[in-house]
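**Q** One predicted model, sequence on top.
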Amino acid sequence: MNFNQFAFDKFGNFVSHHDSYLKTRGRLRSAHIFKPYEEYVSEAIAISIIAAIATLIIGTIIGIIITTLVELPPLMLYNPGAAEFLRFFTPYKDYILIALTGVFSSVVLMGLIYSVFMIYPSAKANIRKVKIETQLPSTITYMYALSKGETNIIEIIRSIAELSNVYGEISHEFAIVLRDTELLGADFMTALKNLQMSTPSPSFSQFIGNLITLIDNGGDVPEFLEIQIDSYRRKTKSEHSLFLDMLGMIAESYVTGFVAAPLFILIVAVTLGAMKGSMTGLLLSMTYVIIPFSSIAFIFLIDLMLPKDEQIIGSLSLKKVKEFVGLRVTEIPAGNEQELFDEYEKAKKRIHYLNIIKHPLDAFHKEPALSFYISIPAAIIALVISALANQDALSSGYAQAFAYLTDYILLAVIIALIPYIVFYEIRAYKMRKIERAIPHFLKNLSIINETGVSLSESLRILLRSESGALRLHIERMYTDISWGASTKEAFTRFANKLKINMLSRLTALITKASESSGDIREVLDIASIDTNINLQLKKDKFTNMLIYVIIIYITFLVYLYIVHTLSTSFLPQMAAAGQAGGGFVRNFDLAFYEVYFYHTVLIQGFFSGMMAGVLGEGDPRLGFKHSLVMMLIAFVSFKVLVIG
């Protein structure tokens, strides 16, 4: 008997007799956790109880250790009645502490684990909802294109269900329809109604409901899907306006919370510290702890709030695999063949690593993050060498140590980030050129296909006139076909080499349409129009977001100017007043504050750059180049005008 059966035998009857758990069944369906709710809740109760028992034992042991090593102080009470009552328990205070430690930790952990189990299905369903709604517009475009090629709605749904690495959660939703109809014997309309009730996305539920009504009334599916596409395009534009308004509020919050507030605290703390000499801890904690961690939290929060593109399509696969979702799979041991499979996987990894070693630049262009495996160790080595070169400075106090070491830390950061930035920007530039060339490619392919030639022959003809960013890739596709590969295989290799979401979806659309008909001109026209619209939206989004990058730069320069003014005008005056004596200023360490102000600007520049990446380009990783620029501006400003 496994653990699931044990838990169900012990608590299944209890769960089934409590109607309050019925809501969990719907949440499990929406989350695609294919398990009876009685079994799931039984597991939650069993695991919570086991964890509680284990924690009770551990908590009791910890309580014994505490009472053995630490003598409890007497309790001071001013209420005679309470004091008299508690005096009775004084001889047993060690046992009471042990019991409370064990019981309290046990109850807390038990409640926490049970709550996590109960919340998890809803959390997973919400994640699926976001993914479904981001993938829905491109899915409807795919359905519309296939419907114009006279593919019936059942085959369209089957096609989407087979493309889980392209259409993600919507593929999983439609796979449930196939399971219900082909395996469980339900009719198509009943399966659609079940999907409408179980999906976590209200938008997708409404779309399925409208589709059910249309099919019941014998309506025109292509016309319906065309109306849906127009509706989602208008919705996208409306969301784009709301998105820009939200960016404005975020930018204002950042300026207030992470520029104005630290500056105010900085000035007040320096002034009070000069008079009382007790603000060093506050200043250091604000610059090295509060600002970095709060900036990371704020950037992470904003990154979660910003709308994301569709799922990342790592490797496109158009092979048909017969697999029903929502069923329990019993794995049969593979015997001796398993060793062969393991050896095959090891060989694949070995070849992958050998290719990286042989052609590192190619690997870095494909995956810029791989450059960190070289740049970060190099940065650490450079920093260690510079630190060992002048150990006396490192032992001379904060001001002297960091006056020497800060520039080398900045150099280490530059060494770590420059390779990643260069490779990432080169790859992004190439990808943008290819994306801009896709509509032109589709339009030309449509014109050639209209003459009646096959898709593979269209590629050969296209090579005569194509001279843009896609020429090399078209030539490779045609070479693959000439050497015996199918058109589907050639297009799939094309998409997998570039790994652009837009291109992967178009490849799936073109290859599926070509399977049903040789005349795919209308499908290519639809794809071209949709790609043009998406590129225009992306361009408008980039243009409008650029203003927030400028705002971040202006904000940083204002911060730098104020700190620079304090360093050149305010700090020397405070130091002179401290040396003169007889006033409120005493023990003012000018060297400490110069180095400290330099650090505040460098740290502010680094995180402002990441914020510029989030607000301007939707990704904090794209802010590394801005971070370097701002930190170099701070370096030049302080070295030339303040410290130097």
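**A** Happy to help now that I have it.
**Q** show me the contacts for the nearest residue to L503 once chain neighbours are set aside.
**A** Using CB to CB, 6 or more residues apart in numbering and skipping residues adjacent in sequence, the residue nearest L503 is A495, 5.2 Å away. Backbone N, C-alpha and C define where each C-beta goes, glycine included. Going by CB atoms under 8 Å, 6 or more residues apart in numbering, A495 touches L316, L503, S504, L506, T507.
**Q** By mean pLDDT, which helix or strand of this protein comes out lowest?
**A** Least confident helix or strand of the chain, by mean pLDDT, DSSP states H and E, is helix 80-87 with a mean of 61.
**Q** Moving C-terminal from that helix, which element do we reach first?
**A** Next in sequence after helix 80-87, counting helices and strands by DSSP states H and E, comes helix 93-148.
**Q** Tell me the helix or strand right after that following helix.
**A** For helix 93-148, the succeeding helix or strand toward the C-terminus, using DSSP H and E, is helix 153-162.
**Q** How about residues contacting that next one?
**A** Contacts of helix 153-162 (CB under 8 Å, 6+ apart): 139, 142-143, 146-147, 151, 167, 170-171, 174-175, 177-178, 188, 211, 215, 221, 318, 320-321, 512.
**Q** So which of these are in helices?
**A** 139, 142-143, 146-147, 167, 170-171, 174-175, 177-178, 188, 211, 215, 221, 512 (DSSP state H).
**Q** For the residues you listed, which ChimeraX command selects only the ones that are buried?
**A** ChimeraX command restricting the ones in helices among the contacts of helix 153-162 to the buried ones, with burial defined by 16 or more other CB atoms under 10 Å:
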select :139,142,143,146,147,167,170,171,174,175,177,178,188,211,221,512
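**Q** roughly how far apart are the residue nearest to L503 and A145?
**A** Distance, A495 to A145, using CB to CB, to the nearest Å: 17 Å.
**Q** now do I291
**A** Taking CB to CB, one finds I291 at 50 Å from A145.
**Q** Counting neighbours, go ahead and name the busier of the two.
**A** A145 (27 against 19; other CB atoms under 10 Å).
**Q** any idea how far V130 is from the more buried one?
**A** 25 Å.
**Q** Check M574 too.
**A** Counting by CB to CB, the gap from M574 to V130 is 53 Å.
**Q** The two: which is more packed in?
**A** M574 (19 against 14).
**Q** which SS class is the more buried one?
**A** Using DSSP: H, G, I helix; E, B strand; the rest coil, the structure places M574 in helix.
**Q** Return the residues in contact with the closest residue to S386 other than its chain neighbours.
**A** Using CB to CB, 6+ apart and skipping residues adjacent in sequence, the residue nearest S386 is Y408, 3.9 Å away. Taking CB under 8 Å, 6+ apart, we find Y408 in contact with A382, L383, S386, A387.
**Q** The third one reaches L405, doesn't it?
**A** Looking back up the chat, that one is S386. Yes - using CB atoms under 8 Å, S386 is in contact with L405, at 7.3 Å.
**Q** Burial check on V166, number of neighbours?
**A** Neighbours of V166 using other CB under 10 Å come to 26.
**Q** one step back: would you list the buried entries among the contacts of Y408?
**A** Applying 16+ other CB under 10 Å to the contacts of Y408, the neighbour count classes A382, L383, S386, A387 as buried.
**Q** Quick check: which element contains L244?
**A** Per DSSP H and E, L244 falls inside helix 221-255.
**Q** by contact count, what packs against that helix?
**A** Judged by 3 or more CB pairs under 8 Å, 6 or more residues apart in numbering; DSSP states H and E, the packing partners of helix 221-255 are helix 93-148, helix 202-216, helix 291-305, helix 521-565, helix 590-617.
**Q** at 10 Å what do you get?
**A** With contacts taken as 3 or more CB pairs under 10 Å, 6 or more residues apart in numbering; DSSP states H and E, helix 221-255 sits against helix 93-148, helix 153-162, helix 202-216, helix 291-305, helix 521-565, helix 590-617.
**Q** Out of the ones you listed, which gets nearest to D392?
**A** Between D392 and these, the shortest gap by CB to CB is with helix 590-617, which sits at 16.0 Å.
**Q** Could you tell me which other helices and strands the following helix or strand past that closest one packs against?
**A** Sequence-wise, the next helix or strand downstream of helix 590-617 (DSSP H and E) is helix 624-641. Helices and strands touching helix 624-641, by 3+ CB pairs under 10 Å, 6+ apart, are helix 398-449, helix 521-565, helix 590-617.
**Q** Show me how far the last one is from its chain's centre.
**A** Taking CA atoms, centre = their mean, to the nearest Å, one finds the center of helix 590-617 at 24 Å from the center of the full chain.
**Q** could you say what helices and strands that helix packs with?
**A** Contacts defined by 3+ CB pairs under 10 Å, 6+ apart place helix 590-617 against helix 221-255, helix 261-276, helix 280-285, helix 291-305, helix 398-449, helix 521-565, helix 571-580, helix 624-641.
**Q** Could you export those as CSV, including distance to K366 and mean pLDDT?
**A** Below are the helices and strands packed on helix 590-617 laid out as CSV (distance: least, CB to CB, whole Å; pLDDT from 0 to 100):
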stretch, distance to K366, mean pLDDT
helix 221-255, 30, 81
helix 261-276, 40, 78
helix 280-285, 42, 81
helix 291-305, 24, 83
helix 398-449, 8, 87
helix 521-565, 22, 84
helix 571-580, 49, 72
helix 624-641, 19, 88
